[in-house]
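[1] Generate a structure from the sequence data that follows.
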Amino acid sequence: MLSEILLTSHYHMQKVNIRVREREKGNFEARVVINGKRYSRYGNSISEAKKKAKILLEESEKSNVLSKAIKLSVAMQDYLENVKQARVKASTYDRVESTFRYHIQDEAIGRMQVGNIKSSDIEKHLNMKCQAGLSKSAVKKIFNLLGEFFRYAVAIREIIYNPMDLVEMPHSSKFIHESKEMELMTVDELKKVIAIAEKIDENGKPKFRYGEAIILLINTGLRSGELRGIKKQDIDFDRKILHIRRNVTYAKDRENGGIIYLIGDLKTENSKRNIPLNNRALLAIQRLLETTYNPDTDYLVCAPVGEIVSNSPLQKCYTAILKEADIKKMGLHSTRHTFATVILKDAEDKGQIKEVSELLGHSQVSTTYKYYIKTSNEDKRNLVDQLNLLV
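    Have a look, this model is predicted:
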């Protein structure tokens, strides 16, 4: 059921359309557009919904502050669809939208009116998420999204006061989520994995289609998306250098459903880098050119049908190799962790942490220290034992 009336409002001396429709739940929604933004008001009858829309117009005439009458979930969805989506990559927008839908939209704070939300309400919400077991990075995403939404609302003068000004991230003691220990292989396991990954079957073909791709990951520390974005033109055989220039990501296909794979920018500006290739990496590339390379697209690692391979087949291949090697199941990113850990053992002694950071494509050297440099108990014991000389 749909009815439409034309009301004359003194709001900027313009006529405003109010459209009313019946919802599946049996109530009615009145929609009105003010300053290019759509607002909805609900009622149990057409007249009730229209009345609320008229009140909204009257309030907007007086103060131009609509937030006191609009729920955070409605206002934030409008912000995401009409502002945020145009400013970021599709894959980034998917992650932001997911944060909104799972951690804000249907929560108590999402049902609050924007203009009535206080700093204490936001802090309560963040602390609740900590106690629910979310990781620090997940809560940080909620914190950041709320921050940018309220800054925007203040900038366009929908609200005067930004409740996020007094909000800080919850203290580390508030989190009950335990971080996963970094997955990596020992040197012996590494050798075993490479030996299995390069196996040939009775027909002289690779036993694992992406076995050499796994070996290339181990010898370069590449991210999965970076590997899948390699073209033949990126390989300098004479200088034994691999140019990392692009990344493969995925995003929702909002027109047809499912997901689509995108060739896009690298994770950070420092991710654009040149990686020296050792002999085993060169051999892996040569073998991939014979098995997974698509000359039509120039991509090095492709599916049997010629399309760029997704992460899933690579992970399945890696899992099968680990199983045959009698090694516990790990994520594909463990190849990168292993690469970093192995080369850092020598790099620390030589003071070459910056070089390792550049190889990994980290935006800052501090990232390399934070995630990869861990002193052992034996190292610490040796330092403390130096005090024995004083006795």
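[2] Going by C-alpha atoms from here, please, whenever you check contacts or count neighbours.
    Noted.
[3] now the strands for the stretch 151-300 of the chain?
    235-236, 241-244, 247-252, 259-264, 273-276 (DSSP state E, counting those that start in this stretch).
[4] Among those strands, which one carries the weakest average confidence?
    If you rank the strands of the stretch 151-300 of the chain by mean pLDDT, strand 259-264 sits at the bottom with a mean of 76.
[5] Name the strands paired with that strand and say parallel or antiparallel.
    strand 247-252 (antiparallel) (DSSP bridges).
[6] The partner strand: how far from the chain's middle?
    10 Å (Cα atoms, centre = their mean, to the nearest Å).
[7] Same list as before, the strands of the stretch 151-300 of the chain that is, but in JSON lines and with mean neighbour count and distance to P163 included.
    Below are the strands of the stretch 151-300 of the chain laid out as JSON lines (neighbours: other Cα atoms under 10 Å; distance: least, Cα to Cα, whole Å):
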{"stretch": "strand 235-236", "mean neighbour count": "17", "distance to P163": "51"}
{"stretch": "strand 241-244", "mean neighbour count": "19", "distance to P163": "42"}
{"stretch": "strand 247-252", "mean neighbour count": "19", "distance to P163": "32"}
{"stretch": "strand 259-264", "mean neighbour count": "14", "distance to P163": "36"}
{"stretch": "strand 273-276", "mean neighbour count": "18", "distance to P163": "41"}
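[8] The ones you listed: which one's closest to Y102?
    strand 247-252 (16.3 Å; Cα to Cα).
[9] outside of the closest one, which residues touch it?
    90-91, 94, 225-229, 258-267 (Cα atoms under 8 Å, 6 or more residues apart in numbering).
[10] Over to stretch 273-280?
    Residues contacting stretch 273-280 (Cα under 8 Å, 6+ apart): 215-216, 219-220, 240-245, 358-359, 361.
[11] Reformat those as JSON lines; add distance to A53.
    Shown next, in JSON lines, are the contacts of stretch 273-280 (distance: Cα to Cα, whole Å):
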{"residue": "I215", "distance to A53": "63"}
{"residue": "L216", "distance to A53": "61"}
{"residue": "N219", "distance to A53": "63"}
{"residue": "T220", "distance to A53": "60"}
{"residue": "K240", "distance to A53": "68"}
{"residue": "I241", "distance to A53": "64"}
{"residue": "L242", "distance to A53": "61"}
{"residue": "H243", "distance to A53": "58"}
{"residue": "I244", "distance to A53": "55"}
{"residue": "R245", "distance to A53": "52"}
{"residue": "E358", "distance to A53": "57"}
{"residue": "L359", "distance to A53": "58"}
{"residue": "G361", "distance to A53": "53"}
